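S.K.: how would this look folded up:
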Amino acid sequence: MRASVLSAAVIIAVAMSACGGSGNNGKSGNIGNQTAAPSTVTTIQGVAATGAPLVGATVQAIQASNSAVCLQGTVTGTDGSFQLTAQTGQSGCTIPYLLYAQTAQGPLLAVMPTGEALPANGTVTMNLTPITTAIYFGTVPVSSTANSAALAQALTNVSASSFAATQNNLLQALQQLYPAAIYPGVTWSGFDPDAVFTANHTGIDFVFDNMVLTLPLTVSVQASSVTTSVTNPATGQTVTMTSSESGGSAGAVSQLQPLSSSVVQNGATVSFTGINYDSEGVLNTVTAVDAGGAPWAGAMISDIGTNAVAGTGQQTSLTANGTGGFNWSSPVVAGLTFNLNASDSNLPAVAMVCESIGGAQTSTDVLIPSNAQPITDPAQLTGISFNRYYANCSQGGTSPAMTTGNYLSIDGAGNADFTVTSNGTTSNIAIPEATFASSLNGTAYTGNNAKAADVWYAYQYQTATGLTRYAIVEHRVPTAAQLGSVALWLQ
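M.R.: Okay, the predicted model is just below:
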């Protein structure tokens, strides 16, 4: 918990640096400064975000001494901000306590540890982020399977200085995982744990968009130590944290290695689910057969249905291009893989296939691994941010590729929020949970905006390096008057 808080603090400070905000919320600069007696906290304010803001989720402050919920509220609005305030007859929280919110990918945690100095007015700022969560599990040796009460109780004997040690170790690793040259606006040195940030996909929030947190898998509530990892899927680099109540340690930043199951052996057959631009619904399975030689060299993609892969049932050869991607033969003129491939021999987890239609490059098919799990309930996507959008085999659907300006997130109530940039104009499209759920189950959305007539197919799948990731295929339903289209949203 404490680790979470510190990590959150780290993130927040970075965000502050990026946004120019101030972290003077009563906690700043007091990590590790032991005080004689805890103060009472009557108001907690902050931001909950995983890249996408966490909207509509319940936030609780849970006291370590008795596991009581001492403050509770709801994340409001579209920015993930929240405020918990003691009501009449309530005394608030005494430290140590845990701040807790639940997402589809696990809990977000932050802590107010023993020895932390609090302001006289009882108001503090704390954030809930992947980093605050990583710091908690990097310090306190408890399992992610423990309930919120057990997570809070584990804070009883852990000091603020221990969380500070974990935070410092994690920050050194984050400097390597997310260098300022690539992630502008983020300054890891002098991080203020109480700085306010905005969940707008810039600065520290852009780091969250590109962060995979793997929580410990131990089953015991209290263990001698647990491990947590933070991974940057864009580079495949990862750092592992080992918990210790005197301050968790961070391992060396390393490269993810491909799973043996992701390497296609000679003569192997691999299956994909195909979604074609000019057909309705999910198509029959597409198969890829390695013809021999080096893995994927000369592999064949063949349609066993009637409309998959360019819509004609023809066979198309697939060849590794030497840069982590794959080339497709005529009439399919381009193929893209969108997840980490440590080498060309790795199975492409998600692929977009294109061909020239009417003289223009067009996304004709998206291929999803056949063992990917379909998602039809928006609740299973809560807190997940999709910040990469591909159409017509270009990011953002533009040439040159537009790497920012398009985002899709699902809030705690299951509502979908699209941020779409086109021709220099950015617009926000909000789709209610019931409507989005209906579309995930095959009913075309009929709203009066740029997403009208779309159906979305959501999947959970595993990358070549074993990461669990999510993808949403956006399918414009074809009509008698016009062709359909297919696009892809990825984390």
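
S.K.: the closest residue to residue 395 other than its chain neighbours and residue 488: what is the separation?
M.R.: Leaving aside its sequence neighbours, residue 395 sits nearest to residue 401 (CB to CB, 6 or more residues apart in numbering; 3.8 Å). (Each C-beta comes from the backbone N, C-alpha and C, glycine too.) The spacing between residue 401 and residue 488, counted by CB to CB, to the nearest Å, is 13 Å.

S.K.: which helices and strands does the helix or strand hosting residue 176 pack with?
M.R.: Here residue 176, judged by DSSP states H and E, is contained in helix 160-177. Under the contact criterion of 3 or more CB pairs under 8 Å, 6 or more residues apart in numbering; DSSP states H and E, helix 160-177 touches helix 2-19, helix 130-139, strand 227-232, strand 237-242, strand 249-250.

S.K.: where do the helices sit along the stretch 151-300 of the chain?
M.R.: Using DSSP state H, counting those that start in this stretch, the helices found in the stretch 151-300 of the chain span residues 160-177, 204-209.

S.K.: highest average neighbour count across those helices?
M.R.: Comparing the helices of the stretch 151-300 of the chain by mean neighbour count (mean count of other CB atoms under 10 Å), helix 204-209 ranks first with a mean of 26.

S.K.: which other helices and strands contact it?
M.R.: Right, helix 204-209 is packed against helix 2-19 by 3+ CB pairs under 8 Å, 6+ apart.

S.K.: and the gap between residue 279 and residue 57?
M.R.: In terms of CB to CB, residue 279 sits 37 Å off from residue 57.

S.K.: and residue 227, by the same measure?
M.R.: Residue 227 is 27 Å from residue 57, by CB to CB.

S.K.: these two - which one has more neighbours?
M.R.: Here residue 227 and residue 57 are compared on neighbour count by other CB atoms under 10 Å; more neighbours surround residue 57, at 22 against 18.

S.K.: so that one sits right up against residue 415, yeah?
M.R.: No. Residue 57 lies out of contact with residue 415 (CB atoms under 8 Å); the separation is 12.0 Å.

S.K.: least reliable of the helices of the stretch 151-300 of the chain by average pLDDT, please.
M.R.: With a mean of 89, helix 204-209 has the lowest mean pLDDT of the helices of the stretch 151-300 of the chain.

S.K.: make a markdown table out of the helices of the stretch 151-300 of the chain and add distance to residue 67.
M.R.: Formatted as a markdown table, the helices of the stretch 151-300 of the chain follow (distance: least, CB to CB, whole Å):
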| stretch | distance to residue 67 |
| --- | --- |
| helix 160-177 | 20 |
| helix 204-209 | 29 |
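
S.K.: of those, which is nearest residue 236?
M.R.: Among the helices of the stretch 151-300 of the chain, helix 160-177 comes nearest to residue 236, with 10.5 Å by CB to CB.

S.K.: burial count for the closest residue to residue 441 other than its chain neighbours?
M.R.: Closest residue to residue 441 apart from its sequence neighbours, by CB to CB, 6+ apart: residue 376 at 5.1 Å. For residue 376, the count of nearby residues is 13 (other CB under 10 Å).

S.K.: do the same with residue 119
M.R.: Neighbour tally, residue 119, other CB under 10 Å: 14.

S.K.: so it, which state does it fall into?
M.R.: coil (DSSP: H, G, I helix; E, B strand; the rest coil).

S.K.: need the helix or strand of this structure with the lowest average pLDDT.
M.R.: Within the chain, no helix or strand scores below helix 2-19, which has a mean of 34 by mean pLDDT, DSSP states H and E.

S.K.: which SSE is immediately downstream of that one?
M.R.: Going down the chain from helix 2-19, the next helix or strand is strand 40-41, by DSSP H and E.

S.K.: now the helix or strand following that following strand against helix 130-139, angle please.
M.R.: For strand 40-41, the following helix or strand on the C-terminal side (DSSP H and E) is strand 43-47. For strand 43-47 against helix 130-139, the angle by axes from the mean of the first three to the mean of the last three CA atoms, to 10 degrees is 110 degrees.

S.K.: any idea how far the next helix or strand after strand 43-47 is from the chain center?
M.R.: Later in the chain than strand 43-47, the nearest helix or strand by DSSP H and E is strand 58-63. Relative to its chain's centre, strand 58-63 lies at 23 Å (CA atoms, centre = their mean, to the nearest Å).

S.K.: sweet, I'm off.
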